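**Student:** Requesting a structural model of the entry that follows:
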Amino acid sequence: MRTSDRPLPAFRRRPITRAMEQSGLTFRKMHGLGNDFVVVDARTRPFDPTPAQARRLADRRVGVGCDQIITIEPPRPEHPGSTAFMGIRNADGGTVEACGNATRCVARLLMDEAGTDRVVLGTLAGPLIAERADGDSVRVDMGRASTDAAVLDLSHPCDPLHLDLRLPPFNDAVGVSVGNPHVVALVPDAESVDLRGTGPIIEHHDLFPDRVNAEVVSVRPDGSLRMRVWERGAGITRACGTGACAVVVAAVIRGAIPRQPTTVMLDGGPLRIDWRAGDDHVLMTGPVATVFTGTLHESLLS
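**Tutor:** Below you'll find the model as predicted:
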């Protein structure tokens, strides 16, 4: 009998996908303007990756590859009325409080699942309200922006509106918290800044004991903003939702733009930001996308 005519052994006749589903953990690869995530539904099967596991998952050569690992978890008692809790781990394995682009992605999944137009997500930064917007976009109320030194958790007293980090262009920067800390430098041309060189230094500056996100932003002729970002624990990313909120707040405070809905152009595309007068909440509107679904092999989770 020829080799090609022999019956396949039972283990080879078994559907590969079924074996994968039984041995691993399913996930979705999603992104908001290129800020990408591995999203795991941990509501029925708990998933709490260690920092080492998170780093392996985020690795773009030997893992899935992402900026953050996102877990959808059961609601927590401290957020009554929430649909779920969203856990966020950066590519370096660290846990963080907020992620605007991931909030839109998870909110879209939960709204589609429940057939609703509004959900409330619990996060370490507090509850966030998300609603459907035009097309594939989602609008998120990111809560109140703050320039308070205590909220920013600075290591020593200084003026958050004029931070001198002794490294151009961050020698007169604005500190803004949008659930997580940001330092914003307003510059004539955001494209010309060596963010790859300055970003790591600012992230680990001793003024920020829990590290910080760094943005450079310039005003474009049409009144929109051009922003580039170095995210703590992830490096340069194509988009940062909380960063886009922070740069609008900083630009308004510095008088560079009026307080009105503003388009922020990131490497991955535009976000619409509205720093609402009255309660100081920041509304962020932008698209979400699912790239693929898959199963995490047990070797990544060991």
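
**Student:** Sticking with residue 229, tell me its helix or strand.
**Tutor:** The secondary structure element spanning residue 229 is strand 225-231 (assigned by DSSP states H and E).

**Student:** And residue 259, by the same measure?
**Tutor:** In the assignment (DSSP H and E), residue 259 maps to no helix and no strand.

**Student:** Roughly how far does it sit from residue 98?
**Tutor:** Applying Cβ to Cβ, to the nearest Å, one obtains 22 Å for the distance of residue 259 from residue 98. Every C-beta, even on glycine, is put in place using the N, C-alpha and C of the backbone.

**Student:** More neighbours: which of these two?
**Tutor:** When residue 259 is set against residue 98 and neighbours are counted by other Cβ atoms under 10 Å, the residue ahead is residue 98, at 22 against 14.

**Student:** what sits against residue 98?
**Tutor:** The contact partners of residue 98, taken as Cβ atoms under 8 Å, 6 or more residues apart in numbering, are 88, 123, 124, 125, 128, 142, 178, 179, 180, 242.

**Student:** can you give me the strands for the stretch 1-150 of the chain?
**Tutor:** In the stretch 1-150 of the chain, the segments counted as strands under DSSP state E, counting those that start in this stretch are 25-32, 35-41, 68-73, 84-90, 118-122, 128-132, 137-144.

**Student:** Could you list the paired strands of the strand holding residue 229 along with their orientation?
**Tutor:** Here strand 225-231 is paired, per DSSP bridges, with strand 213-219 (antiparallel), strand 235-236 (antiparallel), strand 262-266 (parallel).

**Student:** So which of those is nearest residue 65?
**Tutor:** For those, proximity to residue 65 was assessed by Cβ to Cβ; strand 235-236 is nearest, at 13.1 Å.

**Student:** Which helix or strand lies directly C-terminal to that closest one?
**Tutor:** Next along from strand 235-236, by DSSP H and E: helix 241-253.

**Student:** Send me that next one as CSV with only the CA atoms.
**Tutor:** C-alpha atoms of helix 241-253 as CSV (Å, rounded to 0.1, in the frame of the first residue of the first chain):
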residue,chain,number,x,y,z
GLY,A,241,-7.0,57.7,23.8
THR,A,242,-6.2,59.1,27.2
GLY,A,243,-3.2,60.9,25.7
ALA,A,244,-5.5,62.6,23.1
CYS,A,245,-7.7,63.7,25.9
ALA,A,246,-4.7,65.1,27.9
VAL,A,247,-3.3,67.1,24.9
VAL,A,248,-6.6,68.8,24.3
VAL,A,249,-6.8,69.8,28.0
ALA,A,250,-3.2,71.0,28.0
ALA,A,251,-3.7,73.0,24.7
VAL,A,252,-6.8,74.7,26.1
ILE,A,253,-5.0,75.6,29.4
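
**Student:** mind listing what residue 234 touches?
**Tutor:** By Cβ under 8 Å, 6+ apart, residue 234 lies in contact with 67, 68, 90, 91, 92.

**Student:** again with residue 299
**Tutor:** Residue 299 sits next to no residue when contact means Cβ under 8 Å, 6+ apart.

**Student:** go with 10 Å
**Tutor:** If you count contacts by Cβ atoms under 10 Å, 6 or more residues apart in numbering, residue 299 has them with 24, 56, 62.

**Student:** Quick check: closest non-adjacent residue to the first one.
**Tutor:** In space, not counting the residues next to it along the chain, residue 24 is nearest to residue 295; the distance is 3.9 Å by Cβ to Cβ, 6 or more residues apart in numbering.
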